[in-house]
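A.B. asks: next input, structure requested:
(one chain, ligands or ions: 2)
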Amino acid sequence: MTLLQHSPSKRAKKPTTRLSPLILGTPALVVQHTPCTLDLSILPPELACRLFHTMLHESRDWQRNKWWLFDRVVESPHRTSFYTRRSSNQAEDENMQQAAQYWYNGRRTEPPAAFLPAMEEACMHIERVVNREMRKRKRFPLEWGGEPGTQEETGSGEKILWRANVAAANCYEGAKESVGFHSDQLTYLGPYATIASLSLGTSRTFRLREVVPTDERETRSARTYDIPLPHNSLIIMHASTQETFKHSVPPQSVIDLFHPPFPPPPDLSAPDEREQRSTASPSNCRINMTFRFYRPDFRAQTTPRCNCGAPCILRPDMKNRYREPSQTSGHGEGSNHVTLDQGTGHTLRKNMVDKYWWTCYAGAQNDGKGCGFWKVMDVVAEGRGPFVGSVPRSSS
Ligand SMILES: O=C(O)CCC(=O)C(=O)O
Ligand SMILES: [Fe+2]
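C.D. replies: Numbering: from 1, shown residues only. Ligands and ions are numbered 1, 2, ... in the order given. Predicted coordinates:
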């Protein structure tokens with residue numbers, strides 16, 4: 001396997017044209033420009049408001065994530081928490097708890113909280129929409145090809161493609177709280193993950209920026225897309241979003257206060273407020289919940305360990321820097337060819353990502369000192385799957 005490097009002189013030839021950001025204000029524009037879909041009214045209004053009040057109440061206990069970046073500790077500019085959906089399978093629950101700790105950048109934490117009743121209710125709506133959207137889309141070879149539904153769940157005859165078994169929750173208070181550009185770690189999600197992101201409360205902008213592969217850097221620039229996410233909207237980051245885009249919630253100069261259309265449920269109001277329950281105070285908070293499917297073939301026990309003895313994290317080769325010697329131009333058949341998603345009309349990049357690596361992440365909690373371990377993921381040798389398509393063994 002070779003690493004595509006550009007010579008310093010070539011690197012200077014990066015296109016100078018800076019593309020101006022595009023605002024994607026409608027679901028149709030989101031589908032046209034990104035591998036995401038947007039639903040502007042996902043939950044029944046009463047449920048959306050009850051979930052907002054519930055999570056806002058919960059968020060008083062959420063924490064800012066802290067981790068080492070090089071030689072200093074950084075702190076997330078918003079508060080976060082992690083929930084797992086309890087199942088009837090105890091081994092599965094233990095696996096989820098182990099995996100959940102790595103939401104906190106490798107920091108050991110208390111076992112995560114279970115989905116609350118309002119989250120379970122919301123999840124039924126979200127799973128239905130995610131499965132419906134996934135059935136319309138081109139599937140990628142490395143997506144999960146198993147059937148996570150139970151006999152009971154699949155009784156309708158339709159295969160369940162995705163289930164939410166964990167949810168990460170974020171609270172952004174005021175206009176300045178934010179999250180920087182990143183792509184979500186795939187350690188437990190596996191390649192070509194689908195993530196459903198629910199917004200409640202104050203509307204904020206969700207920003208997406210494409211990562212241009214190394215061999216296309218001289219011919220085109222990345223575009224930034226801004227998507228306003230109002231209360232009760234769902235953006236689904238479909239398969240390939242984590243491989244080809246980074247996302248963020250940038251700080252804003254101003255925000256609109258959110259006026260909850262329903263009062264908080266009685267169990268959340270202080271006794272002296274219960275008489276005045278016909279109104280709810282305006283809020284400057286946005287609650288975000290990303291519902292995720294932790295794949296059975298990426299369970300915590302199968303995560304490779306680095307030389308520090310800590311679980312690695314899984315990252316995609318977003319820039320297509322690694323190529324097999326035979327993949328010089330990358331135009332061959334297989335997983336690397338030009339494609340148009342027939343279901344959505346969205347053009348997929350010329351060479352889709354098909355390399356991932358496991359890397360040491362111990363440094364995030366260990367004074368920034370990791371062991372530098374990395375290895376290419378070999379799904380066949382690691383016994384992962386089943387996948388949607390056939391997958392070649394990695395030659396590395
Ligand atoms: O708040 C959002 O919309 C994004 C949150 C996010 O990127 C994450 O939790 O990974
Ligand atoms: Fe994210």
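
A.B. asks: quickly list what the closest residue to ligand 1 within the chain is bridged to.
C.D. replies: Proximity of the chain to ligand 1 (C-beta to the nearest ligand atom) peaks at Asn288, 3.3 Å away. To be clear about C-beta, it is placed using only N, CA and C from the backbone, and glycine gets the same treatment. Per DSSP bridges, the residues bridged to Asn288 are Asn170, Ser199.

A.B. asks: that one: neighbour count?
C.D. replies: Asn288 has 23 neighbours, counted by other C-beta atoms under 10 Å.

A.B. asks: please pull out the lowest mean pLDDT helix or strand from this structure.
C.D. replies: helix 8-11 (a mean of 47; mean pLDDT, DSSP states H and E).

A.B. asks: output the lengthiest helix in the chain as PDB, nothing but the C-alphas.
C.D. replies: Ranked by number of residues, the top helix in the chain under DSSP state H is helix 117-136. C-alpha atoms of helix 117-136 as PDB (Å, rounded to 0.1, in the frame of the first residue of the first chain):
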ATOM      1  CA  PRO A 117     -39.600   6.900  28.300                       C
ATOM      2  CA  ALA A 118     -39.900  10.000  26.100                       C
ATOM      3  CA  MET A 119     -36.700   9.000  24.200                       C
ATOM      4  CA  GLU A 120     -38.200   5.500  23.600                       C
ATOM      5  CA  GLU A 121     -41.300   7.200  22.200                       C
ATOM      6  CA  ALA A 122     -39.300   9.500  20.000                       C
ATOM      7  CA  CYS A 123     -37.200   6.500  18.800                       C
ATOM      8  CA  MET A 124     -40.200   4.700  17.300                       C
ATOM      9  CA  HIS A 125     -40.800   7.700  15.000                       C
ATOM     10  CA  ILE A 126     -37.200   8.100  14.200                       C
ATOM     11  CA  GLU A 127     -36.500   4.500  13.400                       C
ATOM     12  CA  ARG A 128     -39.500   4.400  11.000                       C
ATOM     13  CA  VAL A 129     -38.200   7.400   9.100                       C
ATOM     14  CA  VAL A 130     -34.600   6.300   9.100                       C
ATOM     15  CA  ASN A 131     -35.500   2.800   7.700                       C
ATOM     16  CA  ARG A 132     -37.800   4.400   5.100                       C
ATOM     17  CA  GLU A 133     -35.100   6.700   3.900                       C
ATOM     18  CA  MET A 134     -32.400   4.000   3.900                       C
ATOM     19  CA  ARG A 135     -34.600   1.800   1.700                       C
ATOM     20  CA  LYS A 136     -34.600   4.500  -1.000                       C
END
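
A.B. asks: and the next element down the chain from the least confident helix or strand of the chain?
C.D. replies: Reading on from helix 8-11 to the C-terminus, the next helix or strand found by DSSP states H and E is strand 22-23.

A.B. asks: and for that following strand, what's in contact with it?
C.D. replies: Contacts with strand 22-23, where a contact means C-beta atoms under 8 Å, 6 or more residues apart in numbering, come from Leu29, His33, Arg223, Thr224, Tyr225, Asp226, Ile227, Pro228.

A.B. asks: show me the residues you listed that map onto strands.
C.D. replies: In strands, judged by DSSP state E, the following of the contacts of strand 22-23 are found: Thr224, Tyr225, Asp226, Ile227, Pro228.

A.B. asks: tell me the confidence at the last one?
C.D. replies: It refers to Pro228. Confidence at Pro228, expressed as pLDDT, is 98.

A.B. asks: circling back to that earlier point, rebuild the ones in strands among the contacts of strand 22-23 as a markdown table, extending it with neighbour count and distance to Arg132.
C.D. replies: Compiled in a markdown table, the ones in strands among the contacts of strand 22-23 are given as follows (neighbours: other C-beta atoms under 10 Å; distance: C-beta to C-beta, whole Å):
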| residue | neighbour count | distance to Arg132 |
| --- | --- | --- |
| Thr224 | 19 | 29 |
| Tyr225 | 21 | 23 |
| Asp226 | 14 | 26 |
| Ile227 | 24 | 20 |
| Pro228 | 15 | 23 |
